[in-house]
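> A structural model of the following input is requested.
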Amino acid sequence: MSWIYLAVAGLLEVAWAVGLKYTAGFTRLWPSVFTLATMAGSVGMLGLALRTLPLGTAYAVWTGIGTIGTAVAGMVLLGEPAGALRLLSIGLIAAGIVGLKLLTPA
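As a prediction, this is how the structure comes out:
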């Protein structure tokens, strides 16, 4: 169950990172409310995952999911470049996440 909490925490991290772009420096009410709520949810789910997962692994996976998701969202939603080296780098982050999952009991 901890890995599910961690995956949801990572997806919520993507949501707040993307939401942050739309807050205009926290001057827009509803994007700001969404961003703050997803921030709290992300950290809360990370806390639940940390009940049984090692800190280093959980934090690395959480930020990795957030990094990959935010980079992909930037490419899809905001027209950011999706060059081969950028995609390769994202793939390397994904490989690291998979490696940590495979090497961590729980």
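> okay, CA-based contacts and neighbour counts for the rest of this
Noted.
> the residue positioned nearest the centre of the chain and residue 20: what is the separation?
For the chain, the residue nearest the mean C-alpha position is residue 66 (1.9 Å; Cα atoms, centre = their mean). Using Cα to Cα, to the nearest Å, residue 66 is found at 13 Å from residue 20.
> if I look at residue 20, how far off is residue 30?
Counting by Cα to Cα, the gap from residue 20 to residue 30 is 11 Å.
> so those two - more neighbours on which side?
More crowded of residue 20 and residue 30, by other Cα atoms under 10 Å: residue 20, with 18 against 13.
> what are the contacting residues of the lengthiest helix in the chain?
If you go by DSSP state H, the chain has its longest helix at helix 55-78. Helix 55-78 is contacted from outside by 6-7, 9-11, 13-14, 17-18, 46, 49-50, 80-82, 90, 93-94, 97, 100-101, 104, using Cα atoms under 8 Å, 6 or more residues apart in numbering.
> tell me how far it lies from the chain's centre.
Averaging C-alpha positions (Cα atoms, centre = their mean, to the nearest Å) puts helix 55-78 4 Å from its chain's average.
> now the helices for this structure?
Here the chain has its helices, by DSSP H, at 2-22, 29-49, 55-78, 84-103.
> most packed of these?
Highest mean neighbour count among those (mean count of other Cα atoms under 10 Å): helix 2-22, with a mean of 21.
> as a whole number, average confidence for it?
Averaged over helix 2-22, pLDDT sits at 97.
> chain center to that helix, what's the gap?
Put simply, helix 2-22 sits 4 Å off its chain's centre (Cα atoms, centre = their mean).
> could you give the angle of it to helix 55-78?
Orientation check (axes from the mean of the first three to the mean of the last three Cα atoms, to 10 degrees): helix 2-22 against helix 55-78 gives 40 degrees.
> who's sitting farthest from the centroid in this structure?
Most peripheral residue of the chain (Cα atoms, centre = their mean): residue 27, 23.6 Å.
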